[in-house]
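K.L.:
structure here, sequence nowhere to be found:
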């Protein structure tokens, strides 16, 4: 949930042309207020995050149309195969399949990593699939 939230937040922020580093002390509601002031469009924090979610889904659709699939949703072999050397997770190996399943579910994507029709409709992107 944290990964999705931060991805959506930074995608929306990046789309404004604002430098990420200047906003570290701001919350989503602050960024939404700045967006509203700059554009004249009324936007709250939920809508600001939805802008970012639209961006992530449009990028996913582009990647799918370019031939990428869920098999391309991976991490470097070192992270997948080498146990964590120290700390509270010492000895553990990332469980990518489990994490991807949870991530896809949060995104409203199928197990094949394709956005569902319902998710695209909710985001107003149904014509892009």
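P.N.:
Alright, I've got the coordinates. What you are looking at is a predicted structure, and each value in this text was computed from that prediction instead of being measured.

K.L.:
hmm, residue 101 is touching residue 111, no?
P.N.:
Yes: contact between residue 101 and residue 111 holds when scored by Cβ atoms under 8 Å: they sit 6.9 Å apart. (Each C-beta comes from the backbone N, C-alpha and C, glycine too.)

K.L.:
chain neighbours aside, what residue packs nearest to residue 28?
P.N.:
In this structure, residue 28 finds its nearest non-sequential neighbour in residue 45, 3.9 Å apart by Cβ to Cβ, 6 or more residues apart in numbering.

K.L.:
the one you found and residue 34 touch, don't they?
P.N.:
No: in this structure residue 45 lies outside contact range of residue 34 using Cβ under 8 Å: 11.4 Å.

K.L.:
what mean pLDDT does stretch 52-67 get?
P.N.:
Stretch 52-67 carries an average pLDDT of 97.

K.L.:
which helix runs longest in this structure?
P.N.:
helix 45-65 (DSSP state H).

K.L.:
give me the contact list for the helix or strand that it is followed by.
P.N.:
Next helix or strand after helix 45-65 toward the C-terminus (DSSP states H and E): helix 77-81. The contact list for helix 77-81 (Cβ atoms under 8 Å, 6 or more residues apart in numbering) reads 74, 93, 94, 96.

K.L.:
ok, now which ones touch the residue nearest to residue 28?
P.N.:
27, 28, 29, 31, 32.

K.L.:
report pLDDT for it.
P.N.:
96.

K.L.:
picking up where we left off before, would you mark the buried spots in the longest helix of the chain?
P.N.:
45, 48-58, 60-61, 64 (16 or more other Cβ atoms under 10 Å).

K.L.:
residue 116: which of those is nearest?
P.N.:
Within the buried residues of helix 45-65, proximity to residue 116 (Cβ to Cβ) peaks at residue 57, which comes in at 10.2 Å.

K.L.:
for beta bridges, what are the partners of the residue nearest to that closest one when sequence neighbours are not counted?
P.N.:
Nearest residue to residue 57, sequence neighbours excluded (Cβ to Cβ, 6+ apart): residue 115, at 5.2 Å. Legend: beta-bridge partners of residue 115 under DSSP bridges are residue 109.
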